[in-house]
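Colleague: Return atomic coordinates for the entry below.
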Amino acid sequence: MHRAQPLTTFTTLLALLATLWLPTSIAASTADVHEATLDNGLKILVLPDERAPVVTHQVWYKVGSADEPGGITGIAHMFEHMMFKGTEHLGPGEFSEIIARLGGTENAFTGRDFTAYFQTIAADELDTMMRWETDRMANLALDAEEFAREKEVVKEEWRTRVRDNPNGRLNQLLYATAFTSSGYHHPVIGWKTDIDAYTLDDLQRWYEAHYAPNNATLVVVGDVDPAEVVAMAREHYGQVPRRDLPPAKPREEQAQHGIKRARLSIPAKLPHLSMGYKAPSLVTAEAQETAYALAVASGILSGDSGARLNNDLVRTGKLSTASAGYNLNARETTLFTLDATPREGQSLDEAEALLRAQIERLKNEPVGEDELDRIKAQVVASDVYERDSLFYQGMTLGMYETIGLDYRVADRFVEGIRAVTAADVQAAARTWLRDEALTIATLEPEAQGDPQPAGSTRSPSHGGNDRD
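Modeller: Numbers count the residues shown, from 1 in each chain. Below you'll find the predicted structure:
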């Protein structure tokens, strides 16, 4: 039976990819990427890397939880689970068993903006991998008994990650309060009432509407010949007919005109504060320089142990914990977030005042050159590290392409960060980190029941998950 990593594994991964620590850049250059599109609309990106006889094979579907209508929130995640429950040619779990026999690894993840499936396997087994991934794209068998069992798995995941996790609930409250019309309003895992009400027909309609070659990108990175990969993909994926995709409905977030506040009062050991400013991403910013400046601002606040929140607030004993985050790789308007746990005897209002003072400092004081240089050095070092991973190379290509950016934008990430000036950071803070765009969610513990610890709520804007 296929076992997946827990929800926090991929959400942590996305947080790293989306913030300053692990910039999305690739092995040599996107100039080395070979691109093709099959007659059925499947886009193919191939990046040769001959350092080992291994290949990562990834299929990215341009659909995530943000595309879900009311009543079936979380269906993208539920469907991801069902993709491992058999096809017309394979029994439940057999897909994973084949990969294991071949010595490979595999998993999947769902985010707000995409759903992706990946395998890492010996390069000479790529044809086998394509054959069976094509089978899932075209011939998935949705079985009622398997659905009932997997639905209980998802419900247990919800209980663990949300019901019994005070900060998971606080993070959901922050997004549900901040966003009203955007698909980012609801959590990736979905609302519990919707999970309870899923039907097999809901899953079938989701499959037919979104799992089509003309709604997908195939990414292959490793010891391969690009022409052979394209020919192989044409032989397998090329046999899957394209389908009419449902027209995208506008989900533009409505303008906010003042601070929003929400309060969560549940059993917990510690109070907690989460703040989010609506801000543009690389996709939605009028100028991409804005997103790079916001990423640097996030790094200045929380990029390393010497960053301002830790150095000025935590080490000095003014707060127990503090962090900041920003996901520049979001398809829609996103959040620039700050989180804090007050010290003993300190009120949430006092914690809020300390975080907001740090924002005002960004607006009113130019960042010193030493701070900027340190952040940029981190980016360059992380970029070098990332070049060693086939998986992250593929993930960069797939993510950029799926959220609506040309994958070539990846090559400009480090350049964009290096170009950020102190004036750029100050201008971005003044423009976007304003009260008119601020949402504040607080966790105020009830002294009853069996409280759960409330640690950091820092999670990425692209909250995703793997199957349990």
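
Colleague: now the helices: where do they sit in the stretch 1-150 of the chain?
Modeller: Along the stretch 1-150 of the chain, the stretches classed as helices by DSSP state H, counting those that start in this stretch are 7-18, 75-82, 94-101, 126-139, 144-158.

Colleague: Name the residues of the longest one that are buried.
Modeller: Within helix 144-158, the residues scored as buried using 16 or more other C-beta atoms under 10 Å are 146-147, 150-151, 154, 157-158. For the C-beta atoms, the positions are set from N, CA and C on the backbone; glycine is no exception.

Colleague: From those residues, pick the one nearest T396.
Modeller: Nearest to T396, judged by C-beta to C-beta, of the buried residues of helix 144-158 is E157 at 27.5 Å.

Colleague: ok, the closest one touching I189?
Modeller: Yes: between E157 and I189 there is a contact at 6.7 Å, judged by C-beta atoms under 8 Å.

Colleague: pLDDT at R412, what is it?
Modeller: R412 is assigned 86 on the pLDDT scale.

Colleague: any idea how far the residue of the chain most remote from its centre lies from A351?
Modeller: In terms of distance from the mean C-alpha position of the chain, G345 ranks first, at 35.2 Å (C-alpha atoms, centre = their mean). Using C-beta to C-beta, to the nearest Å, we find G345 at a distance of 12 Å from A351.

Colleague: same question, D164
Modeller: In terms of C-beta to C-beta, D164 sits 24 Å off from A351.

Colleague: Could you do E386 as well?
Modeller: In terms of C-beta to C-beta, E386 sits 34 Å off from A351.

Colleague: same thing with T217?
Modeller: When distance is defined by C-beta to C-beta, T217 is 43 Å away from A351.

Colleague: now swap in A148 and tell me
Modeller: A148 is 45 Å from A351, by C-beta to C-beta.

Colleague: same check, this time on H257
Modeller: 25 Å.

Colleague: In terms of neighbours, single out the busier of those two.
Modeller: Neighbour count, other C-beta atoms under 10 Å: between H257 and A351, A351 has more, with 27 against 9.

Colleague: What is the burial count for A141?
Modeller: 15.

Colleague: quick one: contacts for it?
Modeller: Contact analysis of A141 by C-beta atoms under 8 Å, 6 or more residues apart in numbering lists 85-88.

Colleague: 7 Å instead, please
Modeller: 86-88 (C-beta atoms under 7 Å, 6 or more residues apart in numbering).

Colleague: what bits of the protein have low per-residue confidence?
Modeller: 1-29, 380, 383-384, 387, 448-468 (pLDDT under 70).

Colleague: one more time with 50, if that's ok
Modeller: 1-27, 450-468 (pLDDT under 50).

Colleague: can you list the domain ranges for it.
Modeller: 7-239, 260-443 (automatic domain parsing).

Colleague: looking at those, which is closest to P247?
Modeller: domain 7-239 (10.8 Å).

Colleague: related to what we said a few turns ago, need the buried residues of helix 144-158 in CSV (columns: distance to A297).
Modeller: As requested, the buried residues of helix 144-158 are arranged in CSV below (distance: C-beta to C-beta, whole Å):
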residue, distance to A297
E146, 46
F147, 45
E150, 41
K151, 42
V154, 36
E157, 34
W158, 34
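
Colleague: hang on, isn't Y207 packed against L140?
Modeller: Yes: using C-beta atoms under 7 Å, Y207 makes contact with L140 at a distance of 6.0 Å.

Colleague: The two: who's more crowded?
Modeller: Counted by other C-beta under 10 Å, Y207 and L140 do not tie: L140 has more neighbours, with 21 against 16.

Colleague: any chance of the helices of the stretch 1-150 of the chain in CSV, with distance to A36 too?
Modeller: Shown next, in CSV, are the helices of the stretch 1-150 of the chain (distance: least, C-beta to C-beta, whole Å):
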stretch, distance to A36
helix 7-18, 25
helix 75-82, 26
helix 94-101, 25
helix 126-139, 14
helix 144-158, 35
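
Colleague: do you know which of those lies nearest R51?
Modeller: Nearest of the helices of the stretch 1-150 of the chain (C-beta to C-beta): helix 126-139, 16.3 Å.

Colleague: Report the buried residues of the closest one.
Modeller: Quick answer for helix 126-139 (16+ other C-beta under 10 Å): 126, 128-130, 132-138.

Colleague: which two from those end up farthest apart in space?
Modeller: L126 and A138 (18.3 Å).

Colleague: Look up the closest residue to G238, ignoring the ones flanking it.
Modeller: In space, and not counting its chain neighbours, G238 is closest to L38: 4.9 Å by C-beta to C-beta, 6 or more residues apart in numbering.
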